[in-house]
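Colleague: All I have is the shape, not the residue letters:
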């Protein structure tokens, strides 16, 4: 007898996405809502409220936007509690909040800048997971998706803080996957390549073109292409995908002639 059909939709689920006011995080929140989830958007930018309203108007789903610094443990915990009170317990957590602007060689990078990368990109995800995981395990279902980076595997010139934090996020992903699997919770990481989002826009034009030339499809990815992968990992269809690292990069990490 064949197994019953499993839907890819998130009807009845509540998602929380950090770094969700723009770029990849916003695309993920929008796609999760289109796929049936009610969504809480967290971001340090004041525009997060308007971003949440736009998604609600577009999809008809319940949303909320909260200005939260993911390095503030109390604020993250309060945001999770508020989302649970207003939308319901969080079933899907996507950690996308990240800094990308700290660029300098290792010998010149200020220690404070390096530690700030770790605090936002890695410890911020740890804090959100720690706040969301107990409710997920108690209810026996949960999906955690961490947005790492292809740079976690291949490195990045002048990006010691960013790369170290994103590589650490892969290690955190695998550990949470091991610890939560028997409670019905999966944890996976997406490793985007160069995506046409605000972070890429800050790269000097000639450098961006040179990087694009190393991508097999010779183009940047879109935030939505990352969002579709995130929505899959957040779905019931990904129940046997755990501790995985999925490149969303068109093969940017491969050797190209």
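Modeller: Nice, I can see it. The structure presented is a predicted model; accordingly, all values stated were derived computationally and were not measured.

Colleague: buried ones in the longest helix seen in the chain?
Modeller: For the chain, the longest helix by residue count, based on DSSP state H, is helix 160-180. Along helix 160-180, the positions that meet the burial threshold by neighbour count (16 or more other Cβ atoms under 10 Å) are 160-170, 172-174, 176-177, 180. The C-beta positions use only the backbone N, C-alpha and C, and glycine is treated the same way.

Colleague: Next SSE downstream of that helix?
Modeller: strand 185-192 (DSSP states H and E).

Colleague: What angle do strand 185-192 and whichever strand or helix holds residue 226 make with each other?
Modeller: When elements are defined using DSSP H and E, residue 226 is found to belong to helix 223-233. Calculated by axes from the mean of the first three to the mean of the last three Cα atoms, to 10 degrees, helix 223-233 forms an angle of 160 degrees with strand 185-192.

Colleague: Now do whatever helix or strand comes next after helix 223-233: which elements does it pack against?
Modeller: Scanning forward in sequence from helix 223-233, with DSSP H and E defining helices and strands, the next element found is strand 245-248. With contacts defined as 3 or more Cβ pairs under 8 Å, 6 or more residues apart in numbering; DSSP states H and E, the packing partners of strand 245-248 are helix 151-154, strand 185-192, helix 223-233.

Colleague: on contacts alone, who are the packing partners of the longest helix of the chain?
Modeller: Under the contact definition 3+ Cβ pairs under 8 Å, 6+ apart, helix 160-180 sits against helix 111-117, helix 124-139, strand 142-147, helix 151-154, strand 185-192.

Colleague: and those as JSON lines, adding mean pLDDT, distance to residue 75 and mean neighbour count?
Modeller: As requested, those are exported to JSON lines (pLDDT from 0 to 100; distance: least, Cβ to Cβ, whole Å; neighbours: other Cβ atoms under 10 Å):
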{"stretch": "helix 111-117", "mean pLDDT": "97", "distance to residue 75": "17", "mean neighbour count": "15"}
{"stretch": "helix 124-139", "mean pLDDT": "98", "distance to residue 75": "9", "mean neighbour count": "20"}
{"stretch": "strand 142-147", "mean pLDDT": "98", "distance to residue 75": "19", "mean neighbour count": "27"}
{"stretch": "helix 151-154", "mean pLDDT": "94", "distance to residue 75": "26", "mean neighbour count": "18"}
{"stretch": "strand 185-192", "mean pLDDT": "98", "distance to residue 75": "22", "mean neighbour count": "26"}
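
Colleague: which stretch among the ones you listed comes nearest residue 90?
Modeller: For residue 90, the closest of the helices and strands packed on helix 160-180 is helix 124-139, at 5.1 Å, according to Cβ to Cβ.

Colleague: Touching, residue 93 and residue 145? I think so.
Modeller: Yes - using Cβ atoms under 8 Å, residue 93 is in contact with residue 145, at 7.3 Å.

Colleague: Pipe the helices and strands packed on helix 160-180 into TSV and attach distance to residue 31 per row.
Modeller: Putting these into TSV (distance: least, Cβ to Cβ, whole Å) gives the following:
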stretch	distance to residue 31
helix 111-117	27
helix 124-139	19
strand 142-147	12
helix 151-154	23
strand 185-192	13
